[in-house]
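Novice: Generate a structure from the sequence data that follows.
(one chain, ligands or ions: 1)
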Amino acid sequence: MKSGCPAWLIRLGLFLYDHLGKRETLPGSRRIDLRHDPEGAIIRNEFKTGFEYSDCWVDDARLVVLNAIDARERGATILTRMAAVSARRDNGLWQVDLKGAEGSRRVEARVLVNAAGPWVQDVLGRVSGVNSSRRIRLVKGSHIVVPKFWNGPQAYLFQNHDKRVIFVNPYQDNLCLIGTTDIPYEGRPEDVAIDNGEIDYLLAVVNRYCKRELGRSDIVQAFSGVRPLYDDNSANPSAVTRDYVLDIDGDAGKPPLLSVFGGKITTYRKLAEHALQKLKPYFPQMTGDWTEREHLPGGDLGGAQSFQAFVEDLGRRYPWLAASLAVHYARLYGSMAHRLLNGARSIGDLGRHFGALLYEREISYLHEAEWAQTAEDILERRTKHGLHLTAAQGEAVKAYLNG
Ligand SMILES: Cc1cc2nc3c(=O)[nH]c(=O)nc-3n(C[C@H](O)[C@H](O)[C@H](O)COP(=O)(O)OP(=O)(O)OC[C@H]3O[C@@H](n4cnc5c(N)ncnc54)[C@H](O)[C@@H]3O)c2cc1C
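Specialist: Now for the predicted structure:
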């Protein structure tokens, strides 16, 4: 696609992408004629050439909760909505005070891992009183969600005048996610919010490339996050390293504190392996890495050969289940969908219908199996039902939970 980067360089990059990694299931990259290939139908006529490559996607919130369920199934205690307020070394152990809405408790630990993301320095300094020369830089990234405006499963990547790349991804079937920005951020991570300049920036990049003119009235939702990037003193926020740094405090027989600076969702498993390697000297009996070939809970798909085969199996076992609902349960819960549907023989057994694909049975499941407590947990974090319900339907969910 016409951009700051010449076509031959993009082609070379994709050649390396195709050949350096272990590509087992994804198709190779190819050149696209934007004027004739269907993928080019939404692109303005002045752009003639694009390139296609294939990649995977993950729902970040589902990844987090599935890892927590996995840990619980292997013996961990998961305490949501509990903050570590103080951690002190005492007699060869960490004494950690936790505080939540439902009370306080103290836990003892032989090691403390500080994976507090944007709050990593807060946990180091205020909570555990440890000095560290490492610093993070908070870089805000914002997204907007608009109705999907093309046919097909493909995403688009557009290069902006500032050389940053903006993605336009299919999202929740009928929507599209556009992001992101890179803005230095100094406030409290929990207060981060998109600003008007970011909205204009994202709309302008898409409108530069696409025939359909997007405006503010198309925006269904907008949200922001802060990247906790390891501070490598780069002048440009887009150039700050996305690599992680693991810092360990704990020599001379002290129980260790391992702090994680930076990181990506994409590398989370590698990061976890490296974290354990760092801790191995303190736990010599530790065995080697084992997660590479393990499924996350539900990911075995009950032995089905593909996602599609699993959905078809759900349809056979629960013939009254609408296809869209079967896909929804399969996508979020994999083979754990059987726990959610346990004993159900008709759609009526799923209880009250709140709208779109949300039934009472799923709310109960999320409450019992996934620590969901509030309407936000259910509608925004564990699922994205909130995007498909009307305001009144969302209020009905709140009233149901408070009832
Ligand atoms: C806009 C944006 C776009 C991104 N895009 C991508 C991408 O495309 N691909 C990719 O791989 N990565 C991406 N990332 C990065 C990815 O989201 C982060 O690397 C990842 O979320 C970091 O996870 P984490 O568990 O380290 O931190 P977090 O997810 O921030 O979790 C930290 C947790 O610590 C908790 N906490 C804080 N203080 C305390 C305390 N005192 N006691 C107890 N708990 C505490 C917080 O409540 C929070 O739950 C993106 C990030 C942003 C912001």
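Novice: From here on, just use CA atoms for contacts and neighbour counts.
Specialist: Fine.
Novice: show me where pLDDT drops low in the stretch 151-300 of the chain?
Specialist: Along the stretch 151-300 of the chain, the model assigns pLDDT under 70 to no residue.
Novice: Can you tell me which residues in it are near the ligand?
Specialist: Counting by CA under 6 Å from any ligand atom, the residues of the stretch 151-300 of the chain close to the ligand are 224, 225, 226, 227, 263, 264, 265, 266.
Novice: So which of these is the closest to residue 173?
Specialist: residue 224 (21.2 Å; CA to CA).
Novice: distance of the closest one from residue 385?
Specialist: For residue 224, the distance to residue 385 (CA to CA, to the nearest Å) stands at 19 Å.
Novice: buried residues in stretch 377-385?
Specialist: Under the neighbour-count criterion of 16 or more other CA atoms under 10 Å, stretch 377-385 has 377, 378, 379, 381, 382, 383, 384, 385 buried.
Novice: Of those, just say which sits nearest to the ligand.
Specialist: residue 381 (11.7 Å; CA to the nearest ligand atom).
Novice: ranges for the helices of the stretch 251-400 of the chain?
Specialist: Ranges of helices within the stretch 251-400 of the chain are 268-279, 307-317, 323-333, 337-340, 360-369, 375-376, 391-402, based on DSSP state H, counting those that start in this stretch.
Novice: would TSV of those with distance to residue 153 and mean neighbour count be doable?
Specialist: Output for the helices of the stretch 251-400 of the chain, formatted as TSV (distance: least, CA to CA, whole Å; neighbours: other CA atoms under 10 Å):
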stretch	distance to residue 153	mean neighbour count
helix 268-279	26	16
helix 307-317	15	16
helix 323-333	15	18
helix 337-340	24	17
helix 360-369	27	16
helix 375-376	28	18
helix 391-402	28	14
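Novice: Adding distance to residue 132 as columns, could you present those in TSV?
Specialist: Shown next, in TSV, are the helices of the stretch 251-400 of the chain (distance: least, CA to CA, whole Å):
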stretch	distance to residue 132
helix 268-279	17
helix 307-317	46
helix 323-333	39
helix 337-340	45
helix 360-369	38
helix 375-376	35
helix 391-402	43
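Novice: between those helices, which gets nearest to residue 42?
Specialist: helix 323-333 (26.7 Å).
Novice: Near residue 255, how many other residues are there?
Specialist: The tally of other residues near residue 255 (other CA atoms under 10 Å) stands at 20.
Novice: hang on, isn't it packed against residue 113?
Specialist: No. Using CA atoms under 8 Å, residue 255 and residue 113 do not qualify as a contacting pair, with a distance of 10.9 Å.
Novice: who touches both of the two?
Specialist: Residues within reach of residue 255 and of residue 113 at once, by CA atoms under 8 Å, 6 or more residues apart in numbering: there are none.
Novice: Residue 226 belongs to a strand?
Specialist: Yes. Secondary structure of residue 226 (DSSP: H, G, I helix; E, B strand; the rest coil): part of a strand.
Novice: any idea how far the closest residue in space to it that isn't next to it in sequence lies from residue 182?
Specialist: Excluding the flanking residues, the one nearest residue 226 by CA to CA, 6 or more residues apart in numbering is residue 140, at 4.4 Å. Note on residue 140: its distance to residue 182, by CA to CA, is 6 Å.
Novice: More neighbours: which of the two?
Specialist: Ranked by neighbour count (other CA under 10 Å), residue 140 and residue 182 place residue 140 first, with 22 against 19.
Novice: for the more buried one, what are its contacts?
Specialist: Going by CA under 8 Å, 6+ apart, residue 140 touches 181, 182, 183, 184, 185, 192, 224, 225, 226, 227.
Novice: Quick check: bridge partners of the fourth one?
Specialist: The partner list for residue 184 in beta bridges (DSSP bridges) reads residue 139.
Novice: Quick check: it touching residue 239?
Specialist: No. If you go by CA under 8 Å, residue 184 and residue 239 don't touch, sitting 11.6 Å apart.
Novice: and the residue nearest to residue 320 when sequence neighbours are not counted, what does it touch?
Specialist: Closest residue to residue 320 apart from its sequence neighbours, by CA to CA, 6+ apart: residue 346 at 6.0 Å. Contact partners of residue 346, counting by CA under 8 Å, 6+ apart, are 318, 320, 321.
Novice: Show me which residues of the stretch 1-150 of the chain are close to the ligand?
Specialist: Residues of the stretch 1-150 of the chain lying near the ligand by CA under 6 Å from any ligand atom: 83, 84, 85, 115, 116, 117, 118, 119, 123, 141, 142.
Novice: which of those sit farthest apart?
Specialist: 85 and 142 (29.3 Å).
Novice: Could you check which of these two has the larger neighbour count?
Specialist: Between residue 85 and residue 142, counting by other CA under 10 Å, residue 142 is the more crowded of the two (22 against 15).
Novice: which element is that one on?
Specialist: strand 136-147 (DSSP states H and E).
Novice: can you name the farthest residue from the center of the protein?
Specialist: Distance from the C-alpha centroid of the chain peaks at residue 91, with 38.5 Å (CA atoms, centre = their mean).
Novice: Appreciated, that's everything.
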